[in-house]
Every structure is written in structure tokens, then in C-alpha cells.
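Colleague: give me coordinates for this.
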Amino acid sequence: MPDTIGELSAVELTAAIRDKKISAREALADHFDRIAEVNPVINAVVTLDAEGAQALADRADRLTASGAELPPLHGLPMTHKDTNNTTGMRTTQGSLALRDFIPDADDLIVARLKAAGVVTTGKSNVPEFGAGSHTFNDLFGTTTNPYAPTLSAGGSSGGVAAVVASRIQSIGDGSDMGGSLRIPASFCNVVGFRPSTAVIPMPSAVNAYAWLGRTGPMARSVEDIALFMSVTAGKDPRVPHPQGLDPAVFRSSLETDMRGVRIGWSRDFGIGVPVEPEILDHLERQLAVFEELGAIVEEATPDFSEADLVFGNIRAMDFAAGLGPILERSGDLIKPEVHWNVAKGFALTAQDLIETAAARTRLELSVQEFFGRYDLFASPCAQVLPFDATLRYPSDVAGVASETYLDWMRSACVLSAAGLPVLSVPAGFSSAGLPIGLQLACNHYTDMQLLRWGRAFEQRTGYAAVAPSFGAGAGAGAAALTTMSA
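Modeller: Residues are numbered from 1 along each chain as shown. Here you go, the predicted model:
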């Protein structure tokens, strides 16, 4: 067992609490101590409810002592992403327009985590309304990278990635439309998982059929990802999607044999997506790990030529539907990137939507043709290494200028457009010691097999075990931590 509580995985910590080797109060005290130590540097936790969390930990310890059956995540301390609603706890979505919003109900993913025994402690930082893969906002400031605190932690689940990498907590809930679980995972040397459509349902009063955005987990191990999925997956009557996965799927064995597994690898997704050369060179060396495990690796990709169109138009439509009303009320408080994306959505014509549906159909046919020949698709997760945290987004990637705030995220966005389950796994470090992630994708609803193959890579390499070391000084744009009572 690791020397400190913070180094324990969720599987290890919950087992230690069940076995009465560690109390929920001790786990919580370590969680708070770690926040006090590192949050002034990375600015990842933006709201903290110490009093409410202590009451939950006390209740958890009483339940342990009672001899009752304990839930799977019993006593596990966790902050939640600030785009996920939490009952009685401020949920701002990183926006001045919602600085005082206190929900009266939990989002489904938070409700299921609480039912599984999580001790909710606070909220982690996000870019405004989750727009963009760099975590900064005018309300709380910028979250920075535990491995290099002047650089970006990624986003939109950048606060989640930073707290998990910093050993504040073992797992966390995030969301992903255009790489928001995967890019910060790559930047912060953790695992990020975007599940298949509606595996973790996302009830919505605006569009119950929305498919581009997902909620999912981050952790320091694939085993913890599977544990998280086992308590958050499962159908919900408010989401009329015909398919999903039984949570029991994620309780099956993670052991696998990669002999004969066919892997298609692409440097640029076949459409010239620019990626920094050092990332490509490093990842291509890492592919040898799969070959050592018996897999067959070849250069191959689905036809992603229409993926940018599909992603751009569906994202714009979803932004207009979800954020259009709040822009009407409080537009002067909201950043220009959100205004641009909402305006693009309202400008879509019927012809645009017809063409988008046809392009998505052709993209799906290409994906199925690819998975008729290959089992797994491997690609760069992030196109750039962690960058200067004072920037809004990279102005160029490998010498190619960024025209919008989304251009540097295309490596993640094209896979979002395909609707596939996608896993980002730690794949080593650059020459400057910055984390690099490998992106793995499987066919729809083969989520557990994807986790097995990701774990095989993880076990052979062990990169996620490399913890950050913090120096003195504050992260860029550090804001005062907000404390509250539930």
C-alpha cells in the first residue's frame, strides 16, 4: 500500500475504509490537507463545503461501524466538476452570469456518485460553460498544470484533471463534447474516458436526444475508471435512447490478451490535422508497447473528411439550444467564444442540418468499415503540449494558424463526431517533462473492451504512477477559494 492516503487508488481507498484500516474522516482530512497544500499553486478547487463534507464523513464512519452493507464508493472524498449541478452547493459553470446559482437537484452523474457513497466536498474549476479545452474564467481565474504550474491543465474538465493528478482525490466526474475529458487527461498524466452514447445518461429538458456531449470519469488508473462506470452507468427513463450498457459490464474482469488485436494508427486522422512533431515522434515509439503485447499495428484511419462539419454544426446547434436563453439575459457577462458558437448555431439553415445528417451517416459507414478491419483506433490525444496558461488558446499548431478556439482541439473533436467511446491514457513525457496522452477508440458499446486494452498498455508502461512535484508560487490567475455550508 502507498505511503500516503492521497496516493491510494479509489479501489484501494474504499477497500481500506471498508476494512476499517482508514476511516472516512481520515480520508477527508487528507483530502483537505492536500487542497490546502497544492490549491494555491494550481487553483483547481473553487468551492469547498468543509462542514457538509465532515457531516457526510461522520455518517459514513457510523455506517461502517454498524456492520451494514457498504456502497461501492463508501467514504470516498470527491469534488465535482462545476458544470455538474450539486444540490445546495453553488454551481457556476465558470460564469459570472451564474455566480450565485444554487441548484435544488443533483445532475444524474452526481446523484449516482452520492448514492454510491461519495463524500461530496466541493467543486472543481471549468472554462465558462465548458467552452474550450483550457480552464480559465473571469469568476475564479485559471487552473494550471500540476506538472508545470505556469502551463494549462487543459479543459473543460481541467480542474478535475488537476485535482486527480495532484493526489487531492483519486477519481472525479467530468464531461466531454470536444475532448473535455481527454485533453486535460493528456495534459495532466491521468486517464480520461468518454463513454458510448447514453451509457451515463444526460437528462435534458431541452434535448433528451442529444448525443455529442457525454459525462464520464477521470482517474489515475483504468481500474478506477471501471469502478466509476459501474456505479454511474445504466439507463434513465428521462433519456429515451434505445441502447446503453448494464453497469454490471464494468464489474467484469479487466484481464485481456492483446495477441492478434488489430490496431489502426494515424498521425493526422487522414485529413491533415496538425500535431506537434515531438508528440508524434514520442507516440509512435509507444506503439511498440502494443506490438510487444502481441497486437498488430498498421497505419490506417476511418474517413474523417466530414467529421469537422458534423462536429461543428451539431456543437453549434447544442450551444444555441442550451445557452441561447442565458445569452439573451446576461450576454454582456459571457465570453466571446460562447457568443460565436451560439450565433453559429442560430445561423444554421434547414439545408445545413440536412447536409449534417447526411455527412454523419457517411461518417458512420466509414467508421463501421474501419472496425470491420481493425479492433482499435490509436491517435494523438492532444495536438499540442501543455501551453502558456495566460493564453486563451494556442494561436497555431505546428505552424498552422488557429482560426477559431476549437481548431487546436480537432484531434479530439473528430472522434466526438464519430460518437465512439474514447480513452486517453498516459503515454509518457516530452523532453521537457510534460505529459503526453495516447487516444484509443473502439466501436460503439465496446466500452469495457476498450478499458481492457487501455489497462494492458497502462500496466506495461506505468506512466500514471509518476506524480507531479510542486514548487513554491501561485498558479496563473489564482483566485481565493470559496467556502460554504450546504
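Colleague: what about the protein, any weak spots by pLDDT?
Modeller: In the prediction, the chain carries residues with pLDDT under 70 at positions 1-3, 471-486.
Colleague: kindly recompute the last result at 80.
Modeller: Applying pLDDT under 80 to the chain picks out residues 1-3, 470-486.
Colleague: longest helix in it, please.
Modeller: Determined from DSSP state H, the single longest helix within the chain is helix 307-330.
Colleague: may I see the buried residues of the helix or strand just after that one?
Modeller: Downstream of helix 307-330, the first helix or strand assigned by DSSP states H and E is helix 336-347. Of the residues in helix 336-347, 337-338, 340-342, 344-345 count as buried by neighbour count, 16 or more other CB atoms under 10 Å. Where you see a C-beta, it was placed from the backbone N, CA and C, and this is true even at glycine.
Colleague: rewinding a little: counting by contacts, list what the longest helix of the chain packs against.
Modeller: helix 336-347, helix 350-371, helix 410-418 (3 or more CB pairs under 8 Å, 6 or more residues apart in numbering; DSSP states H and E).
Colleague: partner strands of the helix or strand that the second one is followed by, parallel or antiparallel?
Modeller: This points to helix 350-371. Helices and strands here follow DSSP H and E; after helix 350-371, the next one along the chain is strand 376-380. Strand 376-380 pairs in its sheet with strand 262-265 (parallel), strand 435-441 (antiparallel), by DSSP bridges.
Colleague: for strand 376-380, the distance to its chain's centre please.
Modeller: Put simply, strand 376-380 sits 17 Å off its chain's centre (CA atoms, centre = their mean, to the nearest Å).
Colleague: kindly report the same for stretch 115-132.
Modeller: That offset, for stretch 115-132, works out to 11 Å (CA atoms, centre = their mean).
Colleague: for the remainder of this discussion, apply numbering that starts at 521.
Modeller: Okay, using 521 as the starting number, the last item reads as stretch 635-652.
Colleague: just the terminal-to-terminal distance for it.
Modeller: 31 Å (CA to CA, to the nearest Å).
Colleague: can you pull the buried residues of that stretch?
Modeller: Buried positions in stretch 635-652, judged by neighbour count with 16+ other CB under 10 Å: 636-652.
Colleague: about what we covered before: and the buried residues of helix 856-867 as TSV, adding distance to F552?
Modeller: Below are these laid out as TSV (distance: CB to CB, whole Å):
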residue	distance to F552
E857	34
V858	33
W860	39
N861	37
V862	38
K864	43
G865	41
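Colleague: and for this protein, the residue most distant from the center?
Modeller: S586 (35.7 Å; CA atoms, centre = their mean).
Colleague: how close does it sit to V830?
Modeller: Distance check for S586 against V830: by CB to CB, to the nearest Å, it reads 52 Å.
Colleague: same deal with A718?
Modeller: 18 Å.
Colleague: with neighbour numbers in mind, choose between those two.
Modeller: More crowded of A718 and V830, by other CB atoms under 10 Å: V830, with 27 against 24.
Colleague: the nearest residue to the more buried one once chain neighbours are set aside: how many residues sit nearby?
Modeller: Closest residue to V830 apart from its sequence neighbours, by CB to CB, 6 or more residues apart in numbering: A937 at 4.2 Å. Burial of A937 is recorded as 28 neighbouring residues (other CB under 10 Å).
Colleague: need the helices for the stretch 521-670 of the chain, in chain order.
Modeller: Secondary structure of the stretch 521-670 of the chain (DSSP state H, counting those that start in this stretch): helices located at 530-538, 544-562, 570-586, 628-635.
Colleague: Q969 is nearest to which of those helices?
Modeller: If you check each of the helices of the stretch 521-670 of the chain against Q969 by CB to CB, helix 530-538 wins as the nearest, at 19.9 Å.
Colleague: CA atoms only for that closest one - export them in PDB, please.
Modeller: Only the C-alpha atoms of helix 530-538 are listed here, as PDB (Å, rounded to 0.1, in the frame of the first residue of the first chain):
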ATOM      1  CA  ALA A 530     -10.200   4.600  -5.400                       C
ATOM      2  CA  VAL A 531     -10.300   0.800  -5.400                       C
ATOM      3  CA  GLU A 532      -7.600   0.800  -2.600                       C
ATOM      4  CA  LEU A 533      -9.000   3.600  -0.500                       C
ATOM      5  CA  THR A 534     -12.600   2.200  -0.500                       C
ATOM      6  CA  ALA A 535     -11.300  -1.200   0.400                       C
ATOM      7  CA  ALA A 536      -9.200   0.300   3.300                       C
ATOM      8  CA  ILE A 537     -12.300   2.100   4.600                       C
ATOM      9  CA  ARG A 538     -14.400  -1.000   4.400                       C
END
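Colleague: which residues are in contact with the residue nearest to A617 when sequence neighbours are not counted?
Modeller: When the adjacent residues along the chain are set aside, A617 lies closest to S850, with 3.7 Å between them (CB to CB, 6+ apart). If you count contacts by CB atoms under 8 Å, 6 or more residues apart in numbering, S850 has them with 615-617.
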